[in-house]
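[1] Sequence isn't available, so here's the structure alone:
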């Protein structure tokens, strides 16, 4: 059948009998039906013949078809996506040339290519001095006159792409047609195409318009799209390292997407988790995999500004990235591992660390969805350090002190600087436990920062810290057994 993501369509035109629309096929405000159907999302979207995405629609009433537009440079206002008229001097003669405006918004938002390299696919490259002979290049408009200026939010004009639920639906689907505000884009398991042809990429190759080098700068090696790698792993992959690395990358991209209800953070990813778990026979633990412990615990907030909190009712263990709630919607926040942690060649687990036990109990009908409780019992090198809070210009800052040496680090919970005065004196300076997990690259240590929970026998995570190689904090650290909840 056809699945419509964010808007309606006529499946009959495609000679397909069945149409699935979430808002119609799931009984709204019925928790029991929602629990049952959300657990089936992997089957629905992976079994669909075609997904139709109303990418530019604000809501279900928006639909797929509207006048196409792009964003004007500097002002950021909408303007019709009409051809640009250029006056060129060709061997002394004035020539009019009509050029399609740059459509990099669609390319950047739907592809995996970063904005840095997207700039080189601009229509401006068709006026390269090396390729057009006879044209007075001084008569050409500047790059800025033609280039699309990307709004600060990568989902501006494409609200559907900023929704967390859409992420797994897109990855699981065999085929998706995106009705973007600039052009239509088609994506399948092996490649991606757009109307203008500028997004030609097959199985990880870069845009065809990009040469091997630009202005003497060598391009980075091509990296296959996440969707391509995901289906290769499902099909014939058996490399656990590739599987674990890809999952961390998925989390980094997924965590910045928006949800109406933060309690859906795990359910909205459960379809991907169930597929990978079945394929690799792995154990899922509130958003991470048992087989990738303890590395999977080493996430942190990507930006240490913007308010974050943990819900007292969601029951997600603090060692899971899904325990964080991003409160400041004006800032695009996410979790990150960092390339040196995702790169298993740079990551060396501390030999003293042993995972003794780990349990996670799901809530409801979906075993990959919401959780009731979870804990990890670990034996490792641990030191007791002093944690100090101080008011920064805008946000509360933290300092760890041990043996007279201090280092700054960001906590999982972000608070405004003005709230520093609200902290009791014993909260501004208190003792915490630092549990060594691994060494990164050239002897940089990375550790979890923990504090005692209300249950004196367990600890809660409050952050991750990197410790410079010249600080020998863990050389003679005692070995302790801690339970993290």
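    Looks like it came in fine. Just so you know, these numbers come straight off a predicted model, no measurement behind them. Numbers count the residues shown, from 1 in each chain.
[2] Residue 333 reaches residue 302, doesn't it?
    Yes - shown here, residue 333 and residue 302 form a contact pair, counting by Cβ atoms under 8 Å, at 6.7 Å. The way it works is simple: take the backbone N, C-alpha and C, and place the C-beta from them, glycine included.
[3] With neighbour numbers in mind, choose between these two.
    Just comparing residue 333 and residue 302: by other Cβ atoms under 10 Å the higher neighbour count belongs to residue 333, 21 against 17.
[4] give the contact list for the nearest residue to that one once chain neighbours are set aside.
    Spatial nearest neighbour of residue 333, chain neighbours left out: residue 326 (4.4 Å); criterion: Cβ to Cβ, 6 or more residues apart in numbering. Applying Cβ atoms under 8 Å, 6 or more residues apart in numbering to residue 326 gives the contacts 262, 306-308, 333.
[5] Closest to residue 413 out of those residues?
    Taking Cβ to Cβ as the measure, residue 308 is the one of those closest to residue 413, at 5.7 Å.
[6] Is the closest one bridged to anything, and to what?
    Residue 308 has the following beta-bridge partners by DSSP bridges: residue 326.
[7] Need the pLDDT of it.
    Per-residue confidence (pLDDT) for residue 308: 84.
[8] Please, which helix or strand holds the nearest residue to residue 331 once chain neighbours are set aside?
    The shortest distance from residue 331 to any non-neighbouring residue, by Cβ to Cβ, 6+ apart, is to residue 306 (3.9 Å). Secondary structure from DSSP states H and E places residue 306 outside every helix and strand.
[9] picking up where we left off before, pull up the overlap in contacts between residue 333 and residue 302.
    With Cβ under 8 Å, 6+ apart, residue 333 and residue 302 have common neighbours residue 256.
[10] Give me the residue at the spatial middle of this protein.
    For the chain, residue 253 is the residue whose C-alpha lies nearest the centre (Cα atoms, centre = their mean; 1.0 Å).
[11] After the helix or strand containing that one, which helix or strand is next? Please name it.
    Secondary structure from DSSP H and E places residue 253 in helix 240-254. Where DSSP H and E defines the elements, the next helix or strand beyond helix 240-254 is helix 270-280.
[12] Give me the residues contacting that next one.
    Here helix 270-280 makes contact (Cβ under 8 Å, 6+ apart) with 38-39, 41-42, 45-46, 168-169, 171-172, 230, 233-234, 237, 240, 243, 247, 250, 282-284, 287, 291, 366-369.
[13] what is the orientation angle of that helix with helix 240-254?
    Relative orientation of helix 270-280 versus helix 240-254 (axes from the mean of the first three to the mean of the last three Cα atoms, to 10 degrees): 180 degrees.
[14] For helix 270-280, buried residues please.
    By 16 or more other Cβ atoms under 10 Å, the buried positions in helix 270-280 come out as 270-277, 280.
[15] what's the answer for stretch 77-85, then?
    Applying 16+ other Cβ under 10 Å to stretch 77-85 flags residue 81 as buried.
[16] Over to stretch 257-267?
    257, 262-267.
[17] can you tell me which of the contacts of helix 270-280 are in strands?
    Counting by DSSP state E, the part of the contacts of helix 270-280 found in strands is residue 284.
[18] need the strands for the stretch 51-200 of the chain, in chain order.
    Taking DSSP state E, counting those that start in this stretch to define them, one finds strands in the stretch 51-200 of the chain at 69-71, 78-80, 84-90, 93-99, 175-179, 184-188, 191-194.
[19] Within its sheet, name the partner strands of the second one and how each one runs.
    Think strand 78-80. Applying DSSP bridges to the sheet, strand 78-80 is found paired with strand 69-71 (antiparallel).
[20] tell me the mean pLDDT over the strand it pairs with?
    Rounded mean pLDDT across strand 69-71 is 79.
[21] now it: how far from the chain's centre is it?
    Centre-to-centre, strand 69-71 and its host chain are 25 Å apart (Cα atoms, centre = their mean, to the nearest Å).
[22] For the nearest residue in space to residue 365 that is not next to it in sequence, give me its contacts.
    Nearest residue to residue 365, sequence neighbours excluded (Cβ to Cβ, 6+ apart): residue 35, at 4.7 Å. Contact analysis of residue 35 by Cβ under 8 Å, 6+ apart lists 364-366, 369.
[23] switch the cut-off to 7 Å
    By Cβ atoms under 7 Å, 6 or more residues apart in numbering, residue 35 lies in contact with 364-366.
[24] PyMOL command to pick out the buried ones of those?
    Buried members of those, identified by 16+ other Cβ under 10 Å, are gathered into one PyMOL selection as follows:
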select buried, resi 364+366
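[25] What is the nearest of the contacts of residue 35 to residue 341?
    Using Cβ to Cβ, residue 366 is the member of those that lies nearest residue 341, at 28.6 Å.
[26] And that closest one, how far from residue 454?
    To residue 454, residue 366 is 29 Å away according to Cβ to Cβ, to the nearest Å.
[27] Flag every buried residue along the longest strand along the chain.
    Determined from DSSP E, the single longest strand within the chain is strand 371-391. Buried residues in strand 371-391, counting neighbours by 16+ other Cβ under 10 Å, are found at 371, 374-376, 378, 380-383, 385, 387, 389, 391.
[28] Mind checking which of the contacts of helix 270-280 land in helices?
    The helices, defined by DSSP state H, take in 38, 41-42, 45-46, 168-169, 171-172, 230, 233-234, 240, 243, 247, 250 from those.
[29] what's the closest of those residues to residue 350?
    Distance to residue 350 across the ones in helices among the contacts of helix 270-280 (Cβ to Cβ) is lowest for residue 240, with 20.3 Å.
[30] Number of residues surrounding the nearest residue to that closest one once chain neighbours are set aside?
    Setting aside the residues directly before and after it, residue 240 is nearest to residue 291 in space (Cβ to Cβ, 6+ apart), at 6.3 Å. Residues near residue 291, counting by other Cβ under 10 Å, number 14.
[31] Pull the contacting residues for residue 291.
    Contact partners of residue 291, counting by Cβ under 7 Å, 6+ apart, are 240, 244, 282.
[32] Mark which of these are buried, thanks.
    Buried by 16+ other Cβ under 10 Å: 244, 282, out of these.
[33] among the contacts of residue 291, which one has the lowest pLDDT?
    Lowest-confidence member of those: residue 240, scoring 86 (pLDDT).
[34] and that one, how far is that from residue 290?
    Applying Cβ to Cβ, the value for residue 240 to residue 290 is 12 Å.
[35] Over to residue 99?
    When residue 99 is compared with residue 290 (using Cβ to Cβ), they lie 54 Å apart.
[36] For residue 194, which non-adjacent residue is spatially closest?
    Closest to residue 194 by Cβ to Cβ, 6+ apart is residue 185, at 4.6 Å.
[37] correct me, but the one you found touches residue 110?
    Yes - using Cβ atoms under 7 Å, residue 185 is in contact with residue 110, at 5.1 Å.
[38] what sits in contact with each of those two?
    Residues touching both residue 185 and residue 110 by Cβ under 7 Å, 6+ apart: residue 178.
[39] Need the per-residue pLDDT for residue 196.
    pLDDT recorded at residue 196 is 79.
[40] What sits closest to it if chain neighbours are left out?
    Spatial nearest neighbour of residue 196, excluding adjacent residues (Cβ to Cβ, 6+ apart): residue 103 at 5.5 Å.
[41] My guess is the one you found contacts residue 182. True?
    Yes - with contact defined as Cβ under 7 Å, residue 103 and residue 182 form a contacting pair (4.5 Å).
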